[in-house]
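Student: What follows is a protein structure lacking sequence information:
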DNA sequence: GTCTATACCACGATAGAC
DNA sequence: GTCTATCGTGGTATAGAC
């Protein structure tokens, strides 16, 4: 097998097992088995188990930040920007189910990997862009000023972050459709209006 | 030290460390150190590390289900019931920060403990009560019928579940105040209205 | 580049003195 | 009821043959 292909396989299988059982409950032998090589062979690709996690973090953070910046560059009005961010987060959850789940599970540990890999700025891109969009919306009068923007941000971010647990794209809705639904709930509210 | 007191201490300290590092990354020796006894002594109180987790689950699930049933018994109209549930979840997060965090971190593992301890019915009480309240709200015309109730439930539940990460009662808001804010965001929406 | 074999260590849990 | 001491297991990581 091509070395790059095998490296990719190690990352993908690891992410999947990490997501299911947690990093420290996952053994090197288990990863080797899932990849189809003996545990020792893994050390030709990564110097340690932790290095696999760090690489997963790097890929995820880099892609998310890139997509985020592409949206910011469009300079959309606040509400449209928020809908675009929602779609990005949902799509990235789908594209990186392993990394998303590990992050959810072991946020503190992942944060250590982020710091270790010098990715703090990149990792905070999405959060800062969200907070800016919400502030802009309040400033323009489109969003309520009586709700603390930080609280609103935490609520929507946690809700989005965890969609991966119950959402499978295409089954009931596409990512775009779910983004519209989530935005509608958070912006318009669940109350019926006539 | 009184045996019951020590047992309590083991549970509390364990919950705290489990929450911070995850169950499988926490060692028996570490718990012993935090409690102030040698690791072997812990086995006079619990037969295994897993049994500590199971006991934490039992306490948490029992209390949450009890509070939930007390609200259901009041037979409040849907929106008021939802606000009461919100307050319960927030309050229980505050009262059981360890159990909440472990559950968040290792949902699947906790679910196994729930099944093992024959607590499945009790553990699902809150979720079912939420779903019923939302369905009642849609049926009475107070809530929108064009949003899938299950999606709304997932969104609000995930948002509530994770407040423990950023909310400390009394600092900015009380539990009651935050419950009102969260309910307002989810029911009324974030859009400014004149 | 992957294998077999293993060093070395830390883990959960136990035994028996006090 | 807690101590010291330790068993057996299984972990990460390494060494050296092929």
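Tutor: Here it is on my side, so go on. The structure displayed is predicted, hence computed values, not measured ones.

Student: C-alpha from now on. contacts and neighbour counts both.
Tutor: Noted.

Student: Skipping adjacent residues, who's closest to residue A:64 in space?
Tutor: Computed as Cα to Cα, 6 or more residues apart in numbering or on different chains, the closest residue to residue A:64 that is not its neighbour in sequence is residue A:92, at 6.7 Å.

Student: Not counting its own residues, what contacts the strand or helix carrying that neighbour?
Tutor: Using DSSP states H and E, residue A:92 maps to helix A:78-95. Contacts to helix A:78-95, defined as Cα atoms under 8 Å, 6 or more residues apart in numbering or on different chains, come from residues A:64, A:67-68, A:71-72, A:75, A:100, A:130, A:133-134, A:136-137, A:142, A:160-161, A:163-164, A:168-169, A:175-176, A:178-180, A:182-183.

Student: Separate out the buried members of these.
Tutor: A:64, A:67-68, A:71-72, A:100, A:130, A:133-134, A:136-137, A:142, A:160-161, A:163-164, A:169, A:175-176, A:178-179, A:182-183 (16 or more other Cα atoms under 10 Å in any protein chain shown).

Student: tell me the mean pLDDT for stretch A:165-175?
Tutor: The pLDDT scores in stretch A:165-175 average 96.

Student: circling back to that earlier point, ok, and of the contacts of helix A:78-95, which contact DNA strand D?
Tutor: Residues of the contacts of helix A:78-95 in contact with DNA strand D (Cα under 7 Å from any atom of the strand): none.

Student: For chain A, what lies in contact range of DNA strand C?
Tutor: Within reach of DNA strand C by Cα under 7 Å from any atom of the strand, chain A has these residues: A:1, A:3, A:6, A:36-42, A:44.

Student: Can you select the buried ones among the residues you listed for me in PyMOL?
Tutor: To isolate the buried ones among those in PyMOL, judged by 16+ other Cα under 10 Å, type:
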select buried, chain A and resi 6+42
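
Student: and of the residues of chain A next to DNA strand C, the nearest to residue B:32?
Tutor: Proximity of the residues of chain A next to DNA strand C to residue B:32 (Cα to Cα) peaks at residue A:39, which lies at 32.7 Å.

Student: who are the neighbours in contact with that closest one?
Tutor: Contact analysis of residue A:39 by Cα under 8 Å, 6+ apart lists A:28-33.

Student: Let's see if you can find the most crowded of those.
Tutor: residue A:31 (23 neighbours; other Cα atoms under 10 Å in any protein chain shown).

Student: Look up how far DNA strand D lies from that one.
Tutor: 8 Å (Cα to the nearest atom of the strand, to the nearest Å).

Student: Kindly state the neighbouring-residue count (a burial measure) for the nearest residue to that residue once chain neighbours are set aside.
Tutor: In space, and not counting its chain neighbours, residue A:31 is closest to residue A:14: 6.0 Å by Cα to Cα, 6+ apart. Neighbourhood size, residue A:14 [other Cα under 10 Å]: 27.

Student: what packs against the host helix or strand of residue A:14?
Tutor: Using DSSP H and E, residue A:14 maps to helix A:3-21. With contacts taken as 3 or more Cα pairs under 8 Å, 6 or more residues apart in numbering or on different chains; DSSP states H and E, helix A:3-21 sits against helix A:28-35, helix A:49-73, helix A:97-105.

Student: The second one: how far from the chain's middle?
Tutor: For helix A:49-73, the distance between its averaged C-alpha position and the chain's averaged C-alpha position is 8 Å (Cα atoms, centre = their mean, to the nearest Å).

Student: If we go by neighbour counts, what in it is buried?
Tutor: By neighbour count on 16+ other Cα under 10 Å, the buried set for helix A:49-73 is A:49, A:52-58, A:60-61, A:63-65, A:67-68, A:71-72.

Student: Kindly report the same for stretch A:132-149.
Tutor: Using 16+ other Cα under 10 Å as the test for burial, stretch A:132-149 gives A:133-138, A:142-144, A:149.

Student: If we ignore the residues flanking it in sequence, what's nearest the closest residue to chain B within chain A?
Tutor: As assessed by Cα to the nearest Cα, chain B sits closest to residue A:189 within chain A, at 3.5 Å. By the measure of Cα to Cα, 6+ apart, the closest residue to residue A:189 outside its immediate chain neighbours is residue B:189, 3.5 Å from it.

Student: So for stretch A:142-150, mean pLDDT?
Tutor: What stretch A:142-150 shows for mean pLDDT is 98.

Student: what's in contact with that stretch?
Tutor: By Cα under 8 Å, 6+ apart, stretch A:142-150 touches A:79, A:131, A:134-135, A:137-138, B:181, B:190-193.

Student: Next, the distance between the ends of stretch A:34-50.
Tutor: Start-to-end span of stretch A:34-50 (Cα to Cα, to the nearest Å) is 17 Å.

Student: quick one: it to chain centroid distance?
Tutor: Stretch A:34-50 sits 25 Å away from the centroid of its parent chain (Cα atoms, centre = their mean).

Student: Now do that stretch, average pLDDT.
Tutor: For stretch A:34-50, mean pLDDT is 98.

Student: and what of stretch A:59-69?
Tutor: Averaged over stretch A:59-69, pLDDT sits at 98.

Student: of all the residues in chain A, which ones are close to chain B?
Tutor: A:21-22, A:24-25, A:104-106, A:108, A:141-145, A:147, A:152, A:154-160, A:162-163, A:166, A:181-182, A:185-193 (Cα under 8 Å from any Cα of the partner chain).
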